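>>> Predicted model and sequence below, questions to follow.
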Amino acid sequence: MNLNQFLMHWHGIIFIVFCAITLIQLFYYLFFFTRLSFYRASSKTISQTHPVSVIICARDEAANLAKNLPGSLVQQYPTSHEIIVVDDNSFDDSKYLLEEFQKTFKQLHVIELKQEAKMITGKKFPLSIGIKTAKYEIVLLTDADCVPASENWINNMQQTYDDGTEIVLGYGAYNKKRGLLNKLVRWETFHTALQYFSYALAGIPYMGVGRNLSYKKAIFFRHKGFSSHNNIPSGDDDLFINTAATKNNTKINIDADAFTFSEPVNTWAKWKKQKARHYTTSKYYKPLHQFLLGLYSFTHFVFFPLLVISFLFFNWQLTLLVFAIRLVIQALVFYPAMKKLQEQDLYPWFVFLDIWMFFYYLIFSVALIKKPGASWN
């Protein structure tokens, strides 16, 4: 085909590319995402309880601790457990607030850090201190701005462990509020969870979220903590899981009692900063994870421009048919997954939210080449 022939048939080529992109997208929906949509946790014949150390790192989080810490302190858990709060160089009233809590809750232990760690920025140093200080083998991590969904959070999360399990991935949800920003924040959280839960179920775990994450101290020490990425301020959750998780040692827990809830950001600027911080770590994932995540994001990003071009310049009926096939499969995959994660109120919006992802990728793509910031909260 010479140049003139190519220019005459370019719209057909665009349509073929559009179909190929759609097929790749459908592969992700049918091979990966259906694993979460139709997931059922295996029932355990024997119920076990293990001693658990809950670890919360906080810097100038007095208001959040006052609001959320009681949710961890009043857990109904029959076996030995402790709540460790690492107060990382706070200048607010965190110290005095925690002292008051300790008078009532004997399981609360406070580690007060008064000096910054040299050459280690972010949350990794206080979290490492918390893990090393923990009495028990199973540690359960959350943040100061998170509250457990129920008084059975500890019990539910630790029930996921069996003899071969070293890591349990939980769901860190955001509270439902009015407004478009809240829907976008919760959609992105759901969409990310859809991926990391589905990949874990496929035997390719690649990340977890520090708002709700558990693992054993043994695997932490076996991988020398965060030493392989101490120079990166963020990544105490996703980069560690990316390094340590395997298909045999990782499980998920999506029971509603095992969720944690956080207050979502209330401004676009704060959300952009929050998400940009996360994306600066994804470039350090293992090559396979980068490839799979990158291919999905790329095909998701170019899908809608190719849809518009094919609709306008090729054949609108065929283009709409391809779009309709993808739409039906999305609808069948999204609803059960959203229901499992209690995000089904987003379902009527999913077409709009899917289109929004084009702009989302456009906005946050710069974070992939940006140097991570030094702050962790």
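Perfect, thanks for sending it.
>>> can you pull the contacts of the nearest residue to Leu346 once chain neighbours are set aside?
Leaving aside its sequence neighbours, Leu346 sits nearest to Trp187 (Cβ to Cβ, 6 or more residues apart in numbering; 5.6 Å). Every residue, glycine included, has its C-beta placed from N, CA and C. Residues near Trp187 by Cβ atoms under 8 Å, 6 or more residues apart in numbering: 343, 346, 349, 353, 356.
>>> swap in Leu181?
Counted by Cβ under 8 Å, 6+ apart, Leu181 has contacts 264-268, 271.
>>> Is Ile84 bridged to anything, and to what?
Ile55, His109 (DSSP bridges).
>>> what about it, how many residues close to it?
21 (other Cβ atoms under 10 Å).
>>> got the contact list for it?
Ile84 touches 53-56, 109-111, 130, 133-134, counting by Cβ under 8 Å, 6+ apart.
>>> what helix or strand is the residue nearest to Leu346 on?
helix 180-201 (DSSP states H and E).
>>> Pull out the buried residues from that helix.
181-201 (16 or more other Cβ atoms under 10 Å).
>>> got it, and stretch 264-284?
Quick answer for stretch 264-284 (16+ other Cβ under 10 Å): 264-265, 271, 275-282, 284.
>>> And for stretch 340-358?
340-343, 346, 350, 353-354, 356-357.
>>> for the residues you listed, which one is nearest Lys217?
Leu341 (28.5 Å; Cβ to Cβ).
>>> Looks like that closest one contacts Tyr171 (just checking).
Yes. Using Cβ atoms under 8 Å, Leu341 is in contact with Tyr171, at 5.8 Å.
>>> what do those two both touch?
In contact with both Leu341 and Tyr171: 193, 254, using Cβ under 8 Å, 6+ apart.
>>> Now do the one helix or strand Lys67 maps to: distance to the chain's middle.
Using DSSP H and E, Lys67 sits in helix 62-73. How far helix 62-73 lies from its chain's middle: 22 Å, per Cα atoms, centre = their mean, to the nearest Å.
>>> Renumber starting at 381 from here on
Let's use 381 as the start, then, which means that last one is helix 442-453.
>>> Return the set of buried residues in it.
For helix 442-453, using 16+ other Cβ under 10 Å, the buried residues are 442, 444-446, 448-449, 451-452.
>>> Closest to Asn622 out of those residues?
Using Cβ to Cβ, these come closest to Asn622 at Ser452, 26.4 Å.
>>> hmm, back to that, mind putting the contacts of Leu561 into JSON lines with distance to Gly392 and pLDDT?
Listed next are these as JSON lines, based on distance: Cβ to Cβ, whole Å; pLDDT from 0 to 100:
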{"residue": "Pro644", "distance to Gly392": "45", "pLDDT": "93"}
{"residue": "Val645", "distance to Gly392": "45", "pLDDT": "89"}
{"residue": "Asn646", "distance to Gly392": "48", "pLDDT": "87"}
{"residue": "Thr647", "distance to Gly392": "46", "pLDDT": "89"}
{"residue": "Trp648", "distance to Gly392": "40", "pLDDT": "86"}
{"residue": "Trp651", "distance to Gly392": "41", "pLDDT": "85"}
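>>> Okay, and which of the residues you listed map to helices?
Using DSSP state H, the members of the contacts of Leu561 that fall in helices are 648, 651.
>>> farthest pair in the contacts of Leu561?
Pro644 and Trp648 (11.7 Å).
>>> and Leu686, what does it touch?
Contacts of Leu686 (Cβ under 8 Å, 6+ apart): 394, 397-398, 401.
>>> do Leu520 as well
The neighbours of Leu520, taking Cβ under 8 Å, 6+ apart as the test, are 432-435, 534, 537-538, 593-594.
>>> and what of Tyr586?
576, 579-580, 618, 621-622, 625, 665-666, 669, 673.
>>> cool, Ile599 as well?
546-547, 624, 629.
>>> and with 10 Å instead?
546-547, 620, 623-626, 629 (Cβ atoms under 10 Å, 6 or more residues apart in numbering).
>>> what does Gln724 give?
570, 714-718.
>>> Please type out the PyMOL selection for whichever of these turn out to be buried.
Selection of buried members from the contacts of Gln724 for PyMOL, criterion 16+ other Cβ under 10 Å:
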select buried, resi 570+714+717+718
